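Enquirer: Give the three-dimensional model of this entry:
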Amino acid sequence: MRAIQAVTAGGPEVLTLHEVPDPSPGPGEVLVDVAAAGVNFIDTYRRSGVYPMPFPHIVGSEGAGRVAALGEGVTTLAVGDRVAWSDAAGSYAQRVCVSAERALPVPDGVSDTQAAALPLQGLTAHYLATSTFPLQPGQWALVHAGAGGVGLLLIQLAVARGAHVVTTVSTPQKADLARAAGAEAVIRYDELADLTAELPALVREATGGQGVDVVYDGVGKATFDASLASLRPRGMMVLFGGASGQVPPFDLQRLNAGGSLFVTRPTLVHYTADPAELHQRARELFDAVTSGTLDVRVGGTYPLAEAAQAHRDLEGRRSTGKLVLEI
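Expert: Modelled structure (predicted):
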């Protein structure tokens, strides 16, 4: 089969197309013919060596396709079933082995491209809005990178729960997308001379002087200080990623000074470790897509051989929504 390997740690240029042996499903696994694979920041962290990985390795962990073969003991799926997944190593390939208990059934009415675009970012947006800080009607949330893959989904889920959303974006096009998703206030951080000083003031202006109940921050280093300063007393800072770099250690007394603030650093794996919880979250997401209440924006599709360009576009902040490799 054809697959994209990272031959060594480095930039997008280390991603190359290779012919490799087809995998075989082990006990409790299914072999899937991959139709589409999602492109995520975690793929870039693994490719670059930020997250330790063996080299070479086949990149990717998310996708959608049809079951081609069953491993020993698998009784919950059948050959031909459509499934999606968020955590199967080696998904930038024509075939991949997926844990049967973590393979997510894809309903009719959801395309392969949508199904590949939804699991990782959709599950992330879902746990953030419903579990890490369960949004209630009338609360205010600040969502950074509101036109990104997680951002657009998170805004929609927040609004569906009755919350109000302030978001940050970097272009007029991204501002329009965030507003269409339901954001009430959109801040262009590229127009701010001093993000740390100006953003909190604009957030308070949008929220009647109170600040937000929660900040969902997947940007990290560049936005962390401004995020903390945008919270109302007893607000929660939810740091779920580091697209701009990792946040350095900081003095916990800042939480006291900011008004008895909370900070958490959640990870998807801890909110989907139980297969029952994973499937419940996925069902709610797919139901929202099929009912028309959740729009999955695919900002770009690429053939498998152009995975390196997809990584360049993702890291260069040139994309909106989700990037997908069509196999």
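Enquirer: what about the helices in this protein?
Expert: Per DSSP state H, the chain carries helices over the ranges 41-48, 112-117, 119-127, 149-160, 172-181, 195-206, 224-229, 253-257, 268-271, 275-291, 307-315.
Enquirer: so where's the longest strand in this structure?
Expert: Counting by DSSP state E, the longest strand found in the chain is strand 29-39.
Enquirer: Report the rounded mean pLDDT for that strand.
Expert: Here strand 29-39 scores 98 as its mean pLDDT.
Enquirer: try stretch 231-244
Expert: For stretch 231-244, the per-residue pLDDT values average out at 93.
Enquirer: Find the least confident helix or strand in the chain, judged by mean pLDDT.
Expert: None of the helices or strands of the chain scores lower by mean pLDDT, DSSP states H and E than helix 41-48, at a mean of 93.
Enquirer: what sits against T301?
Expert: For T301, the contact set (CB atoms under 8 Å, 6 or more residues apart in numbering) comprises A36, T113, L323, V324, L325, E326. Quick note: C-beta positions are derived from backbone N, CA and C, even for glycine.
Enquirer: oh, I was asking about L304
Expert: Taking CB under 8 Å, 6+ apart, we find L304 in contact with R2, I4, L17, A37, Y92, A93, Q94, L325, E326, I327.
Enquirer: Could you rerun that using 6 Å?
Expert: By CB atoms under 6 Å, 6 or more residues apart in numbering, the contact list for L304 reads L325, I327.
Enquirer: And for A181?
Expert: L152, I155, Q156.
Enquirer: Among those residues, which one lies nearest to L314?
Expert: When those are compared for distance to L314 (CB to CB), L152 comes out closest, at 14.7 Å.
Enquirer: ok, for that closest one, nearest residue in space, not its chain neighbours?
Expert: What sits nearest to L152 in space, not counting adjacent residues and going by CB to CB, 6 or more residues apart in numbering, is A181, at 5.0 Å.
Enquirer: pLDDT score for that neighbour?
Expert: We note a pLDDT of 97 for A181 in this prediction.
Enquirer: Report pLDDT for D176.
Expert: So, for D176, pLDDT stands at 97.
Enquirer: Correction: the previous question concerned A100.
Expert: At A100 the predicted local distance difference test score is 98.
Enquirer: shouldn't it be in contact with V30?
Expert: Yes - here A100 reaches V30: they are 5.2 Å apart, a contact under CB atoms under 6 Å.
Enquirer: any shared contact partners between the two?
Expert: Contact criterion CB under 6 Å, 6+ apart; residues shared by A100 and V30: V74, L77.
Enquirer: Mind checking which of those two has more residues around it?
Expert: Comparing A100 with V30 by other CB atoms under 10 Å, the one with more neighbours is V30, at 26 against 21.
Enquirer: Roughly how far does the more buried one sit from L268?
Expert: 21 Å (CB to CB, to the nearest Å).
Enquirer: what does D190 give?
Expert: D190 is 28 Å from L268, by CB to CB.
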